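1. Sequence and predicted structure are below.
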Amino acid sequence: MRCLSFPVAVTAFFLFSLNVMAQGPARLTLHLEEPGAAVSPGLYGLMTEEINFSYEGGLYGELIRNRSFKDSAKTPAFWSLQAGPSAKASMSLDKQGPVGPALPVSLRIDVTEAGVAADAGVGVANEGFWGIAVRPNTTYKGSFFVRSTGEAGALQMSLESIDGHTVFASAEAGAPGAEWKKQTFSLTTSAGFKPTAEARFVIRLKAAGSYWLSQVSLFPPTYKDRLNGNRADIMQLLADMQPAFLRLPGGNYVEGNTFSERWDWKKTVGPVEQRPGHLSPWNYRSTDGMGLLEFLEWCEDLHMEPLLAVFAGYVLNRDHLDAGPFLQPFVDDALDEIEYVTGDVHTKWGARRAADGHPEPFPLRYIEIGNEDGFDVSGSYEGRYIQFYDAIKAKYPQLHIISTVGGKDPLGLRFPAPAGRTEIVDEHYYRSAWQMEANAGQYDVYDRKGPKIFVGEWATREGFPTTNFNAALGDAAWMTGMERNSDLIIMSCYAPLFVNVNPGGMQWKSDLIGYNALSSFGSPAYYAQKLFSTHLGDRIVRLSPENVPTQTQHLTAKDSAAGVQAKKIDALFFSATRDTKKGVIHLKVVNTQGVAQDLVVTVAGVSKVGKEGGAWTLSAKEPTETNSISEPTKIVPVESKVKGLGKTFTRIFPPYSITVLEIPVVTAQ
């Protein structure tokens, strides 16, 4: 994922003029007299990376921020000392006598005077990622490493309000000794209070002495009760999309800014206290609590396939290794990674996975070599790709290999890749709504004799922190093009998937799902994705549109200066797939204009069309409308029954709308 330097028009609904054709109403013929090409069952999947606090403070369930005290080399970032007027204490980072190599730093608290009982002792508090969500009748599970000197006393752990006046839950642990020991505890909240994120986690020390803390962790209930698992509400939003795959670990996160900051998968497996973590490309630390096994279990929980991207010797500061002996260790590392995913318990890395708690291998069909290597101006990718491709195919001939030098904006160029070794090309597109609509037919003219396409990152970038309805219209228009060509486009995934909406939580505007510590919501584009992914047949239906209205893009002065040309584009977009098992057609119609549109639909090649069907409509009064934390369901699909269907029928599609029609049919024999 890179922010490309090309002109993006500022698009809003008033920038378009509508030119309705005079020949008559818009018409659409669905050709079921033809069998139609097969729809790729993996068309819609997920992609994310550590950006916008997607894992830390997002999907990954950990509530404590800077749990291993590595976020700052100078201060205990996101921790504060709590001491009453009669107490005397200090805290600092300490590198003496660490827990182990992955935890070289601890928090030292020196308590000179614990104070009177009314002061509740000395404490250290963590306010999480812009707050800690506390809900009634809920059990939180925590742990930390601790040691002490002197006559140390018992410890008290609590969830409490920011001002400390309300204690939602508390527990105690015995006095620590001179050696590091891992303490575990549970905090169960009481009933009768409103869920809040205005809370903090506190460890109180009730006696004088010196104390050291390391790897302080607290988890709420997780999705499917996974240990070290994921936040349940966000996972449910993903589950509702019924995704086919997960591209992991995703985007720039694979590469890192430097070789030392790449996603080194071997450092992300095993007990979390043995994972050192690393700096993400978006300028904050990743604990790597979301490690390779957690990615795979995420796939397992949502019944998705993993699509594994392997580090390929190129990093974001444009440093790289040429093909040859210096690259070989990274090739070997990729082979080990594949073995961790797919190997049985008798292989080295399959045994390691079993030791980590998952004896059964995971399914794997796709391997991506690097990420966005079309940006590698050194020209080294071809050699690096071949070295990885040949090694992986020699050991795992059944795997499909993805090249990362596919199309990129603004022109949708396709970059050459090694002849005879290119099965699938990953193409990325970040565009405005009108650019998405103008290019919705891009794949209609692609060469079917070339490689298959994986649209591994794409999005309409309008609205923030999550997208607005105009972006959803652009996305939906683009998706109709992908569906019509899903014999060629075998997979696609939107990016970025997540954003923490708190100030400081966003590094990339226009995201699919937003959240804070307490709540989460889907953008209009999320619901467009959900409509498309959950209404997908197994055969493409060829369409013949007639008299489709057009709209003209009016340019800003900035666009004109940049050479962007005004053009007419369609105002209605279509795709249709047929579910041969259920006997229904999923017809998708996107109306990007501000007036309702009549459409005459003819279903050819069937013996019967049912009179009643279903409709799911996503619409807005204005394209700039959106969902938010305060209005999470302002724009959501409305389901309704449809009557009056037949071999020819007329349907009115609302202004600014995305509609899925489910049409029951019996195909002519």
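-> The structure has been received and is ready for your questions.
2. Doesn't residue 146 lie inside a strand?
-> Yes: assessed with DSSP: H, G, I helix; E, B strand; the rest coil, residue 146 lies in a strand.
3. Next, count neighbours for it.
-> 26 (other Cβ atoms under 10 Å). Heads up, the C-betas are built off the backbone N, CA and C, glycines and all.
4. Isn't residue 269 up against residue 293?
-> Yes: look at residue 269 against residue 293 with Cβ atoms under 8 Å: they come within range, at 5.7 Å.
5. what sits in contact with each of those two?
-> Counting by Cβ atoms under 8 Å, 6 or more residues apart in numbering, the residues touching both residue 269 and residue 293 are 353, 356.
6. what ranges do the strands span in the stretch 51-200 of the chain?
-> Ranges of strands in the stretch 51-200 of the chain, per DSSP state E, counting those that start in this stretch, are 79-83, 88-94, 106-113, 122-126, 139-149, 155-161, 167-173, 181-188, 199-205.
7. of all those strands, which lies closest to residue 302?
-> Ranking the strands of the stretch 51-200 of the chain by proximity to residue 302 (Cβ to Cβ) places strand 139-149 first, at 22.6 Å.
8. Output the contacting helices and strands for the closest one.
-> Where contact means 3 or more Cβ pairs under 8 Å, 6 or more residues apart in numbering; DSSP states H and E, strand 139-149 is packed against strand 155-161, strand 181-188, strand 209-219.
9. how big is the angle separating it from strand 167-173?
-> 50 degrees (axes from the mean of the first three to the mean of the last three Cα atoms, to 10 degrees).
10. and the angle from strand 139-149 to strand 181-188?
-> 150 degrees.
11. Give me the buried stretch members for strand 139-149, please.
-> 140-148 (16 or more other Cβ atoms under 10 Å).
12. Give the full set of residues in contact with the closest residue to residue 256 other than its chain neighbours.
-> Excluding its sequence neighbours, the residue lying closest to residue 256 (Cβ to Cβ, 6 or more residues apart in numbering) is residue 262, at 3.9 Å. Applying Cβ under 8 Å, 6+ apart to residue 262 gives the contacts 254-256, 278, 311, 315.
13. will you turn those residues into CSV that also has neighbour count?
-> Listed next are the contacts of residue 262 as CSV, based on neighbours: other Cβ atoms under 10 Å:
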residue, neighbour count
254, 27
255, 26
256, 20
278, 20
311, 23
315, 21
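14. In strands, which of those residues fall?
-> residue 278 (DSSP state E).
15. ok, of the contacts of residue 262, which one's closest to residue 460?
-> residue 254 (24.1 Å).
16. correct me, but that closest one touches residue 369?
-> No: between residue 254 and residue 369 there is no contact, the gap being 10.1 Å when judged by Cβ under 8 Å.
17. which neighbours do these two share?
-> Contacts common to residue 254 and residue 369, judged by Cβ under 8 Å, 6+ apart, are 309-310.
18. got a list of what the closest residue to residue 320 other than its chain neighbours touches?
-> Spatial nearest neighbour of residue 320, chain neighbours left out: residue 314 (4.4 Å); criterion: Cβ to Cβ, 6+ apart. Applying Cβ under 8 Å, 6+ apart to residue 314 gives the contacts 255, 320-321, 370, 373, 376, 380-381, 384.
19. Make JSON lines from the residues you listed and add pLDDT, secondary structure and distance to residue 441 to it.
-> Below are these laid out as JSON lines (pLDDT from 0 to 100; DSSP: H, G, I helix; E, B strand; the rest coil; distance: Cβ to Cβ, whole Å):
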{"residue": "255", "pLDDT": "95", "secondary structure": "helix", "distance to residue 441": "33"}
{"residue": "320", "pLDDT": "96", "secondary structure": "strand", "distance to residue 441": "36"}
{"residue": "321", "pLDDT": "96", "secondary structure": "coil", "distance to residue 441": "40"}
{"residue": "370", "pLDDT": "96", "secondary structure": "coil", "distance to residue 441": "29"}
{"residue": "373", "pLDDT": "90", "secondary structure": "helix", "distance to residue 441": "27"}
{"residue": "376", "pLDDT": "89", "secondary structure": "coil", "distance to residue 441": "30"}
{"residue": "380", "pLDDT": "94", "secondary structure": "coil", "distance to residue 441": "34"}
{"residue": "381", "pLDDT": "94", "secondary structure": "helix", "distance to residue 441": "29"}
{"residue": "384", "pLDDT": "96", "secondary structure": "helix", "distance to residue 441": "34"}
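20. List phi and psi for residue 547.
-> Note on residue 547: backbone dihedrals following degrees, to the nearest 10 are phi 60, psi 40.
21. And the pLDDT at it?
-> Per-residue pLDDT puts residue 547 at 93.
22. Can you lay out the strands of the stretch 51-200 of the chain as TSV showing mean pLDDT and distance to residue 30?
-> What follows is those, written out as TSV (pLDDT from 0 to 100; distance: least, Cβ to Cβ, whole Å):
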stretch	mean pLDDT	distance to residue 30
strand 79-83	94	62
strand 88-94	95	66
strand 106-113	94	65
strand 122-126	95	58
strand 139-149	97	53
strand 155-161	96	57
strand 167-173	96	57
strand 181-188	97	57
strand 199-205	96	55
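23. which stretches of this structure aren't confidently modelled?
-> For the chain, the stretches with pLDDT under 70 are 2-23, 116-120, 407-419, 554-565, 668-669.
24. could you pull out the helices for it?
-> Per DSSP state H, the chain carries helices over the ranges 232-240, 252-255, 292-301, 328-342, 348-355, 381-395, 433-438, 469-484, 524-533, 557-561.
25. just the angle between the third one and helix 348-355, please?
-> Helix 292-301 and helix 348-355 are oriented at 70 degrees to each other (the same axes, to 10 degrees).
26. Flag every buried residue along helix 292-301.
-> Going by 16+ other Cβ under 10 Å, helix 292-301 has these buried residues: 292-301.
27. Next: the first one.
-> Buried residues in helix 232-240, defined by neighbour count with 16+ other Cβ under 10 Å: 232, 234-235, 237-238.
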